[in-house]
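Chemist: got a structure for you, letters missing:
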């Protein structure tokens with residue numbers, strides 16, 4: 001009698017499987033870099049995205065939505081970009097490009113196709129709220145890191161799935177630390193896997209570093225971007241945005257709020273406003289997804 005083949009649970013096999021992921025769209029990379037360049041104008045962004053019909057359609061769809069309440073329909077890309085502004089443009093670019101990766105069912109993490117997407121966008125919304133609260137100068141970078149912080153779950157799900165119960169048992173033994181349990185059982189975790197994917201996709205080192213560190217209190221406390229990403233993720237989990245098997249297992253470590261430049265009152269303010277902001281963003285998310 002033959003038995004079903006099991007995945008090869010080695011670190012090399014995990015990273016080899018990353019080569020099968022489609023490359024993150026270079027046109028989006030270029031547009032994001034242009035948005036970050038103070039010497040560039042909206043017209044420069046338009047010149048880059050105008051050849052991508054999907055991006056143009058999403059931009060025009062959002063501009064003409066009830067969200068903006070325009071009296072006349074906008075049909076020209078330059079006008080639409082000017083009306084949206086840099087932040088909304090970035091949200092459309094990153095969310096639209098990430099959608100194919102973040103809407104896959106993750107059986108190992110007990111996440112539906114919607115869960116990872118909702119959690120990723122929820123984390124990005126929280127990051128935006130925190131950035132504005134503390135006037136963080138790299139808010140755009142934090143938003144991108146937050147949206148893509150769990151991308152490693154896609155690859156690791158191939159390995160977590162068959163050994164989920166083992167990971168859960170170890171996690172319980174280790175006080176609920178799911179990331180640490182991934183290391184013990186699989187030889188890596190989704191944070192390192194995600195960081196490696198983003199590095200392969202040519203994302204900036206600071207984003208790769210923050211994604212790598214977002215579950216490690218000893219590491220994420222060392223720089224602002226990693227610290228704020230970790231806090232954004234924790235708040236997104238606490239608000240129930242796309243929670244899977246590893247949900248409700250993370251809490252605010254001592255010193256994290258202080259490192260982030262937030263008081264306890266600020267923290268509660270971020271919780272409340274993140275929830276409101278997420279509901280406001282739902283129309284945009286639905287338009288991009290449909």
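Modeler: In hand now; what should we look at? Not measured: the values here are computed from a predicted model.
Chemist: quick one: low-confidence ranges for this structure?
Modeler: 1-15, 17-20, 66-68, 176, 244-250, 282-290 (pLDDT under 70).
Chemist: dump the residue contacts of the residue most central in space within the chain.
Modeler: With distances taken as CA atoms, centre = their mean, the residue of the chain nearest its centroid is residue 147 (1.8 Å). Listed by CB atoms under 8 Å, 6 or more residues apart in numbering, the contact partners of residue 147 are 94, 95, 98, 120, 121, 123, 124. C-beta coordinates here come from the backbone N, C-alpha and C atoms, glycine included.
Chemist: so which of these wins on neighbours?
Modeler: Among these, residue 123 has the most neighbours (other CB atoms under 10 Å), with 30 neighbours.
Chemist: that older thread, ok, for the residue nearest to the centre of the chain, nearest residue in space, not its chain neighbours?
Modeler: Distance criterion CB to CB, 6 or more residues apart in numbering; nearest residue to residue 147, sequence neighbours excluded, is residue 124 at 4.2 Å.
Chemist: these two touch, right, that neighbour and residue 146?
Modeler: Yes - counting by CB atoms under 8 Å, residue 146 is a contact partner of residue 124 at 4.2 Å.
Chemist: any common contacting residues for the two?
Modeler: In contact with both residue 124 and residue 146: residue 232, using CB under 8 Å, 6+ apart.
Chemist: mind listing what residue 145 touches?
Modeler: Residues near residue 145 by CB under 8 Å, 6+ apart: 127, 207, 210, 211, 225, 229.
Chemist: quick one, what contacts residue 134?
Modeler: Per CB under 8 Å, 6+ apart, neighbours of residue 134: 260, 261, 262, 266.
Chemist: of the residues you listed - the most surrounded one?
Modeler: residue 260 (23 neighbours).
Chemist: and the gap between it and residue 270?
Modeler: The spacing between residue 260 and residue 270, counted by CB to CB, to the nearest Å, is 9 Å.
Chemist: now do the shared contacts for the two.
Modeler: Contacts common to residue 260 and residue 270, judged by CB under 8 Å, 6+ apart, are residue 130.
Chemist: residue 202 should be in a helix, yeah?
Modeler: No - using DSSP: H, G, I helix; E, B strand; the rest coil, the secondary structure at residue 202 is coil, not a helix.
Chemist: just give the nearest non-adjacent residue to it, would you?
Modeler: Residue 202's closest residue in space is residue 29 (CB to CB, 6+ apart), at 6.6 Å.
Chemist: good, wrapping up.
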